[in-house]
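Undergrad: one predicted model, sequence on top.
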Amino acid sequence: PVTGDTTPQLNVLGLISTDSTLRSFVVVHKTLGLNSPDQTITYDTLWYSYDHQHSGYYLSPRIASSYLVDDAVVTISDGTQSWNFIFQTDTSSDFMNRFSSDQSIYVDPTGTFTGVPDTDYELEVTTPDSLHLTGQTHTPPKPVLYSNILPDTLVLHSNFTISWQFQAGTINQIATYSDDYLCGSDYDELVRAGDSTWTTAYPFDCYRNEGGPSTSQLHIVLKNLDPNYYGYFYESQANDFYSFLIGAGGTVIRYGVTGGLGVFGSFSRTGLVQIGRASCRERV
C-alpha cells in the first residue's frame, strides 16, 4: 500500500521581475491527500434553441482541478508598501501564456508593480481553508552590459563576445535570439561564477545551413538571478532523479518559501538589440 503525508500544502511559484516589460506573478497550487479527489465537477443549466421545434435545457459540466487555488489572498511587500495580487482568469494576452490555461496565476491588478533591484521582498499566501505560506527573496542588482565594445553591426554566422560589469556574488544567465530564423542565433545558458565575458559558439551544423536573411535583429539579454531562482530552475533540475512534488531523491523542493513547497525568486535583466548582416562571402 502507498502511504504518505495526507495533509495538503501550498505549492507556489512566485517570480519578481525588475523589468517593467515582464510582469511579476505568483502561481498558487496545493498538494492533495492520497484519498482526495483530483477534480470537482459542477453543472450549469443552459438553454438552447435552434428553432421552435428544437429547444430546451441541457446540463453543461464544469470540471475544476483540485490542485488549483483561485481563492487565496496573495500579498507581496517590501517592508514599507504592500501589493495585493489577485487571481487572473485570462492569461492569453501577455507573457504568462507560456503556462497552460490550467494554472492559478495571481498578478498585480493595476499592472504597475515592478520589482526594484537590490531590494528585499516578502510573499504571503493564505487560503480560506487555513493553508499559509510565506516567502523571501532579495532582488539582484541590475546587470550592466558594455554595449560600446560591440561593433555597430554584427556579422551573421560568426562568433561575437559580450562583456559586462563584474558584480560579486551574482549568478548570470545569457540569452540571445533573432527576429528571423537564423541557425546558431539562439543561446540560453548560465555563465560561470566570476566571469564577465561570454563568447558565442557558432554550431558546426549551421555551416551547412547558412541561408536565411541578409539582415536581422539580434537580441542580447543578460539576467542576474537570485539564489532561489537559480536553485529551483537550474540546481535542482540537474539531479538524475527528480520529482516535481518531492524533489530530488525524496528531498522536498523549497527555495525561499516556508510553510509549503515551491519557490519565491527574482531576477534583474538588461538587454540590447544589434543589427546583424551577412558577410560579402555569404551574400554571393
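TA: It's in.

Undergrad: now the helix or strand containing residue 74: buried residues?
TA: Take DSSP states H and E as the rule and residue 74 turns out to sit in strand 73-77. Using 16 or more other C-beta atoms under 10 Å as the burial criterion, the residues of strand 73-77 that qualify are 74-76. Backbone N, C-alpha and C define where each C-beta goes, glycine included.

Undergrad: go on, stretch 46-60?
TA: Of the residues in stretch 46-60, none is buried (16+ other C-beta under 10 Å).

Undergrad: name the residues that touch that stretch?
TA: Residues from elsewhere that reach stretch 46-60, judged by C-beta atoms under 8 Å, 6 or more residues apart in numbering: 43-45.

Undergrad: and the end-to-end length of that stretch?
TA: 7 Å (C-alpha to C-alpha, to the nearest Å).

Undergrad: returning to that earlier point: now list the buried members of the contacts of stretch 46-60.
TA: The buried subset of these (16+ other C-beta under 10 Å) is empty.

Undergrad: alpha carbons only: can I get stretch 262-277 in PDB?
TA: Once non-C-alpha atoms are left out, stretch 262-277 reads as follows in PDB (Å, rounded to 0.1, in the frame of the first residue of the first chain):
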ATOM      1  CA  GLY A 262       7.900  25.700  -4.300                       C
ATOM      2  CA  VAL A 263       9.900  28.900  -4.900                       C
ATOM      3  CA  PHE A 264       9.800  32.600  -4.400                       C
ATOM      4  CA  GLY A 265      12.600  34.000  -6.600                       C
ATOM      5  CA  SER A 266      13.600  37.100  -8.600                       C
ATOM      6  CA  PHE A 267      15.700  38.300 -11.400                       C
ATOM      7  CA  SER A 268      17.000  41.500 -12.900                       C
ATOM      8  CA  ARG A 269      17.800  41.900 -16.500                       C
ATOM      9  CA  THR A 270      19.100  44.200 -19.200                       C
ATOM     10  CA  GLY A 271      19.200  43.800 -22.900                       C
ATOM     11  CA  LEU A 272      20.200  45.400 -26.200                       C
ATOM     12  CA  VAL A 273      19.400  44.900 -29.900                       C
ATOM     13  CA  GLN A 274      22.100  44.700 -32.500                       C
ATOM     14  CA  ILE A 275      21.800  44.700 -36.300                       C
ATOM     15  CA  GLY A 276      23.400  41.600 -37.900                       C
ATOM     16  CA  ARG A 277      24.400  41.500 -41.600                       C
END
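
Undergrad: would you turn the buried residues of strand 73-77 into CSV with pLDDT?
TA: Putting the buried residues of strand 73-77 into CSV (pLDDT from 0 to 100) gives the following:
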residue, pLDDT
74, 98
75, 98
76, 98
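
Undergrad: contacts for the strand holding residue 74, please.
TA: 14, 16, 24, 26, 28, 82-86, 106, 113, 121-127.

Undergrad: with stretch 221-240 instead?
TA: 15, 137-143, 145, 162, 164, 167, 170-176, 190, 242, 247-249, 253, 255-256, 262-271.

Undergrad: and what of stretch 157-168?
TA: So stretch 157-168 is contacted by 140-141, 143-146, 149-150, 154, 172, 174, 183-184, 194, 196-202, 206-207, 210, 220, 222, 224, 278-279, 282 (C-beta under 8 Å, 6+ apart).

Undergrad: run a quick neighbour tally on residue 147.
TA: Residue 147 has 15 neighbouring residues, counting by other C-beta atoms under 10 Å.

Undergrad: how about residue 154?
TA: 18.

Undergrad: roughly how far is stretch 33-41 from the heart of the chain?
TA: 28 Å (C-alpha atoms, centre = their mean, to the nearest Å).

Undergrad: run through the bridge partners of residue 198.
TA: Beta-bridge pairing of residue 198 under DSSP bridges involves residue 162.

Undergrad: ok so, going back, just the contacts of strand 73-77: which are in strands?
TA: Under the assignment DSSP state E, the contacts of strand 73-77 contribute 14, 16, 26, 28, 82-86, 106, 121-126 to strands.

Undergrad: out of the residues you listed, who's nearest residue 67?
TA: Closest approach between the ones in strands among the contacts of strand 73-77 and residue 67, by C-beta to C-beta: residue 28, at 10.0 Å.
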